[in-house]
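Chemist: mind folding the following:
(chains A and B)
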Amino acid sequence: DAGVIQSPRHEVTEMGQEVTLRCKPISGHNSLFWYRQTMMRGLELLIYFNNNVPIDDSGMPEDRFSAKMPNASFSTLKIQPSEPRDSAVYFCASSQDRGRTGELFFGEGSRLTVL
Amino acid sequence: TQLLEQSPQFLSIQEGENLTVYCNSSSVFSSLQWYRQEPGEGPVLLVTVVTGGEVKKLKRLTFQFGDARKDSSLHITAAQPGDTGLYLCAGASYNFNKFYFGSGTKLNVKP
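Modeler: Numbers count the residues shown, from 1 in each chain, chains lettered A, B, ... in the order given. Prediction:
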């Protein structure tokens, strides 16, 4: 089975440009998470969805960030306009609601560089 | 401020040595997980501990959940270069819908 698939793997853009990151969760998983990882702040939860509905977006840095999950197999994280401080690796992860283990399955990440 | 503090932040040891990584919090978690992350990849789950005082072993790795479910430790016996990576602990909220990650411990095992 394919794991969590993210695209693009790398993105270099200029300040002010719009950036869209994409994620395909594992089939059958009903929770999806967007994380951001930097050296300074580690792995930060930005937003998570349950059954395609945004449950908690308190980690989204500001209005420039938005996320959508139009269906169970696709999610996007958009930054508009992008700024140099948004440079980080963005991870998407999915998990199943059932059971007590709550294992997160991560994609390989999208490395964003904003010049 | 991190909800989960890990120590040490960096650890560089020789192959064959033992080590312990700590994950501490003032909050109680329903479960605690340990992940390992290698460069260019996402974190991969190693273990989940659920019950206070629980000890789990995975080959040379021993994981313990504190009695009060606020802290955890990871002990590696006879470390090998293949153990090199970033070790992350993550605490789950009671509905398992939020996972709070620690700051990470970067381990380098030299041959």
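Chemist: three-state assignment of the residue in chain B that chain A sits nearest to?
Modeler: In chain B, the residue found nearest to chain A is B:Gly42; the distance is 2.9 Å by Cβ to the nearest Cβ. The C-beta positions use only the backbone N, C-alpha and C, and glycine is treated the same way. State at B:Gly42, reduced to three classes by DSSP: H, G, I helix; E, B strand; the rest coil: coil.
Chemist: leaving aside the residues adjacent along the chain, what's closest to B:Glu5?
Modeler: In this structure, B:Glu5 finds its nearest non-sequential neighbour in B:Asn24, 5.1 Å apart by Cβ to Cβ, 6 or more residues apart in numbering or on different chains.
Chemist: not counting sequence-adjacent ones, nearest residue to the residue of chain B closest to chain A?
Modeler: Nearest to B:Gly42 is A:Phe106, by Cβ to Cβ, 6+ apart, at 2.9 Å.
Chemist: hang on, that neighbour packs against B:Glu38?
Modeler: No. Using Cβ atoms under 8 Å as the test, A:Phe106 is too far from B:Glu38 to be in contact (11.5 Å).
Chemist: now do the contacts for residue 70.
Modeler: Using chain A here. Listed by Cβ atoms under 8 Å, 6 or more residues apart in numbering or on different chains, the contact partners of A:Pro70 are A:Asn52.
Chemist: that's the wrong chain, I meant chain B
Modeler: B:24-29.
Chemist: in strands, which of those fall?
Modeler: B:Asn24 (DSSP state E).
Chemist: next to chain B, which bits of chain A? Give me the list.
Modeler: Neighbours of chain B within chain A, by Cβ under 8 Å from any Cβ of the partner chain: A:4, A:31, A:33, A:35, A:42-45, A:48, A:50, A:55-56, A:91, A:93, A:95, A:97, A:100-109.
Chemist: understood, closing this out.
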